[in-house]
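Engineer: this is a predicted model, with the sequence first.
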Amino acid sequence: MKNPLLRGLQVIGLAPLGHLYEVRAKASETDLTVRELRGKIEHLSREVASHRDDAARARTQAESAERRHQEALAQAEATIREARDAATQSKAKADEIVAQFRALRGKLVDAERTEGQLRELLMSNETKLDLVEAAINLLDVRTRREA
C-alpha cells in the first residue's frame, strides 16, 4: 500500500515527510559543501592572484635583468672594439719603430764601415806624414852639414 500511496502523492506533486527530511538533509549537506567549495575557490583565487602578481614582478625583474645584460654586453663589446683598435694602433706603431730601428741599424753599419775606412785613411796619412817628416829631418840634417 505504501507504493501506490507514494505513487499517488508523486502524481499530485507531494512527497512523504521522510523524503522531505532526507532531501533537506542532503540539501543542507550540499549547501555546506557548496560553501566550503566557494571558500576554497575564493582562497585559490586569492592565491592565483598572488601568484600572478608574483609572476608579473618576476617577469618585470627578468626584463630588467635582460635589459641590464644587453647594456652590459653592448658596453663590453664597445670596450673590446676599443681595445682591438688600441692594439692595432700599438702594433702599427711598433712596426714603424721596428722599421726605424732597422734603418738606424743599417745606418750604424754604414757609419762603422765608413769610420773603419776613415781610420785606415787617417793611419795611411799619418804614415805619409811621418815619412815626410823623416824626409824633412834628413834634409835638415844634410843642409846643416853642408853649411
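Structural biologist: Happy to help now that I have it.

Engineer: what about the longest helix in this structure?
Structural biologist: Criterion DSSP state H: the longest helix present in the chain is helix 17-146.

Engineer: just checking, what packs against that one?
Structural biologist: Helix 17-146 is packed against no helix or strand, with contacts defined by 3 or more Cβ pairs under 8 Å, 6 or more residues apart in numbering; DSSP states H and E. Every C-beta, even on glycine, is put in place using the N, C-alpha and C of the backbone.

Engineer: quick one: least confident helix or strand in this structure?
Structural biologist: Lowest on mean pLDDT, DSSP states H and E among the helices and strands of the chain sits helix 2-12, with a mean of 63.

Engineer: if we can go back for a sec, do me a favour and average the pLDDT over the longest helix of the chain.
Structural biologist: Averaging pLDDT along helix 17-146 yields 93.

Engineer: pull the distance from that helix to the chain's centre.
Structural biologist: Relative to its chain's centre, helix 17-146 lies at 10 Å (Cα atoms, centre = their mean, to the nearest Å).

Engineer: same question, stretch 133-147
Structural biologist: Centre-to-centre, stretch 133-147 and its host chain are 94 Å apart (Cα atoms, centre = their mean).

Engineer: which positions in it come out as buried?
Structural biologist: Buried residues in stretch 133-147, defined by neighbour count with 16 or more other Cβ atoms under 10 Å: none.
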